[in-house]
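*Asks:* Predicted model follows, preceded by the sequence.
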Amino acid sequence: MDFIKLPISTELVTGFKRQAKHESFVILPDLQMVQQVRVITVDAAGHPLLERILADDSLSAEQRQALGQRYADQIVTRQTTGAFVDTTGLVVEPREPGAIPQRSFFQAITLGDLKKQGLTITDKTTVASLIYALIGQEITNIDNRGGL
């Protein structure tokens, strides 16, 4: 695997298709985590609009610049610092009954939890594939919360 890229919800106003591409996942010294996701607007065939714009020789420099600004990739950063979740991992307000720090929730995820979520885990499953699955799952969670 060369990168983590997932289809995500369509853009609310336009209905354009989008993809999320993992940019970075950082564990800070206090074990809080930061995830960055690149949101890419794509055409009906799944090709990034920005690439199509840059390759379209029929556009003037002004048109290319305007369209490039409009459909530029967006970098979204989310972190566990200050974030609270319920027992399912859904982000909630800190005052919500049963709310726990998101970092604590993440640290408590077990292999059994991943199996229950449908991930096939055997003695040959690599640690990297587990980490990639968790990153992809969190991208989906962020999107489901409306964060992308």
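*Replies:* Nice, thanks for sending it over. Owing to the predicted nature of the structure, the values given are computational and were not obtained by experimental measurement. Residues are numbered from 1 along each chain as shown.
*Asks:* all contacts plus neighbour counts: C-alpha atoms, from now on.
*Replies:* Will do.
*Asks:* show me what contacts Val92?
*Replies:* Shown in contact with Val92 (Cα atoms under 8 Å, 6 or more residues apart in numbering): Ala83, Phe84, Val85, Asp86, Ala99.
*Asks:* Check Gly136 too.
*Replies:* Ile4, Lys5, Leu6, His22.
*Asks:* same deal with Ser9?
*Replies:* Taking Cα under 8 Å, 6+ apart, one finds Lys17, Arg18, Asp143, Asn144 in contact with Ser9.
*Asks:* Could you tell me which of the contacts of Val92 are located in strands?
*Replies:* Applying DSSP state E to the contacts of Val92, the entries found in strands are Phe84, Val85.
*Asks:* What is the nearest of the contacts of Val92 to Asp56?
*Replies:* Set against Asp56, the nearest of those by Cα to Cα is Ala83 (42.6 Å).
*Asks:* Not counting sequence-adjacent ones, nearest residue to that closest one?
*Replies:* Residue nearest to Ala83 in three dimensions, not counting chain neighbours: Gln102, with 5.5 Å by Cα to Cα, 6 or more residues apart in numbering.
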